[in-house]
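Q: 3D, please:
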Amino acid sequence: MRILRLRWTAYRIPFHAEFATSWGVLAHREGLILRLHTDSGVVGLGEAAPIAERGGGTVGEALAVLDGVGAALLGTHPDEAPALLDAMGLGRDGGAKAAVRCALDVAALDATAKAAGIRVAESLGGDINRSIAVNATIGAEAPESAAAQAAAARQSGFPCVKLKVGASRSAEEERRRVAAVRDALGPEIRLRIDANGAWSVEQAIHVIRGLEEYDLEMVEQPVAAGDLEGLARVRAAVGVPIAADEDVTGMEGAERVLETSAADVLVVKPMVVGGLRPGRRIIELAAGAGVGAVVTTALESGVGAAAALHLAATLPPDSPACGLATGSLLATDLIRRPLVARCGRMELPERPGLGIELDERELARYGGIEREVA
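A: So this is what the prediction gives:
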């Protein structure tokens, strides 16, 4: 089986409602859908959706990267893609290159798994879980709105809710928001917060200590990415587990987090670390250091979310809930038979490969620039 051509389509999808975080408000999501065509007729799907709002590169940059590397993959077996991408140094430290590497890695895995009649998760090695616990995600809303969404998440059976924080002007505003959500959830549902690097070390310690009474499962990225010494200081000073997110941009970033004992949990985004195989290596690295991991999307379409679901299926069954139930935030997720959380869990598709089918009509509706290398 050889790669015959690569075809990609840019998309721009609106959120159902603006999604607020500490670094801004998202009104839409942009990315690229990749189709990897082989001479056997098997087509692999992938997605590149860099996070421009967080300095992760743009779709235009991703297109330029694909233009530059796509031709090198033609005529090769999809299994050869990782070595070629590594040789090019593609996606070692986040950004648009990592998103492109993710698309190529996932599309190659999808094609080879389809050809072998197995699921992508099985091709990653180890035991897999067919049912994965997932969390609901709530933006940095006013307390009343956040509480209403939390109540809906509880009614839907989610075992955990992640609340975006860090956008408020004061610790008291953050406390009111968290208190309202905890009250709506009750004591049984786990609650984690995500500051996306909004606070200084001193602010983080002050705010988190003031929120400990609300029984937080973890706090994601309380201080800016790159300040691992500060992250370690926060971890040592508070009684809540700390998760590193923006600092986990690849294997080297994960190694730095572990070397500095800066986090209890690593947040692994395939879109940021360069795909499923790099993500799997990071999970194994963390496990060897006694550190947990969760897998999350980067709020991309259903293609990328399905890939993240397959990676999450390789986690130990007692892992924290993963951030995969994000497709409902968008006007469409671009796939037929969308991946839906039921009673707080998502099921791994039974069909080979990623187990999904691209919705060409929706892609045409929200799509834009198309490119092809053959």
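
Q: helix, strand, or coil at L109?
A: helix (DSSP: H, G, I helix; E, B strand; the rest coil).

Q: could you report the distance from the residue positioned nearest the centre of the chain to G327?
A: Nearest to the mean C-alpha position of the chain, counting by CA atoms, centre = their mean, stands T297 at 2.2 Å. Between T297 and G327 the computed distance is 8 Å (CB to CB, to the nearest Å). C-beta coordinates here come from the backbone N, C-alpha and C atoms, glycine included.

Q: any common contacting residues for these two?
A: Jointly contacting T297 and G327 under the rule CB atoms under 8 Å, 6 or more residues apart in numbering are A305.

Q: residue ranges for the strands of the stretch 1-150 of the chain, please.
A: In the stretch 1-150 of the chain, the segments counted as strands under DSSP state E, counting those that start in this stretch are 3-21, 24-38, 43-48, 131-133, 136-138.

Q: in the first one, what counts as buried?
A: If I follow you right, that is strand 3-21. 3, 5-11, 13, 15, 19-21 (16 or more other CB atoms under 10 Å).

Q: domain assignment for this protein?
A: Using automatic domain parsing, the domains assigned to the chain come out as 3-117+359-373, 122-357.

Q: need the distance between the two termini of the longest one.
A: Terminal residues of domain 122-357 are spaced 19 Å apart (CA to CA, to the nearest Å).

Q: what about it, average pLDDT?
A: Averaging pLDDT along domain 122-357 gives 97.

Q: tell me the contacts of A293?
A: V265, L266, V267, V268, I282, I283, A286, A287, L315, S319.

Q: among the residues you listed, the buried ones, what's the PyMOL command?
A: Here is the PyMOL command that selects the buried residues among the contacts of A293 (16+ other CB under 10 Å):
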select buried, resi 265+266+267+268+282+283+286+315+319
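
Q: I'd like the distance between the closest residue to V120 other than its chain neighbours and E252.
A: Leaving out its chain neighbours, the residue that sits closest to V120 by CB to CB, 6 or more residues apart in numbering is H310, at 4.3 Å. According to CB to CB, H310 and E252 sit 24 Å apart.

Q: those two - which one has more neighbours?
A: For H310 versus E252, neighbours defined as other CB atoms under 10 Å are more numerous around H310 (30 against 10).

Q: please, which helix or strand holds the more buried one?
A: According to DSSP states H and E, H310 maps onto helix 302-312.

Q: again with P316
A: Going by DSSP H and E, P316 is not in any helix or strand.

Q: just list the residues touching it, thanks.
A: P316 neighbours (CB under 8 Å, 6+ apart): A287.

Q: report the separation between it and V295.
A: Separation of P316 from V295 (CB to CB) stands at 12 Å.

Q: cool, and V25?
A: 25 Å.

Q: neighbour-wise, which of those two wins?
A: Ranked by neighbour count (other CB under 10 Å), V25 and V295 place V295 first, with 30 against 13.

Q: setting aside sequence neighbours, what's the nearest residue to that one?
A: Nearest non-adjacent residue to V295 (CB to CB, 6+ apart): A312, at 4.0 Å.

Q: show me where the stretch 201-350 of the chain has strands.
A: 216-220, 242-244, 265-268, 292-295, 335-336, 345-347.
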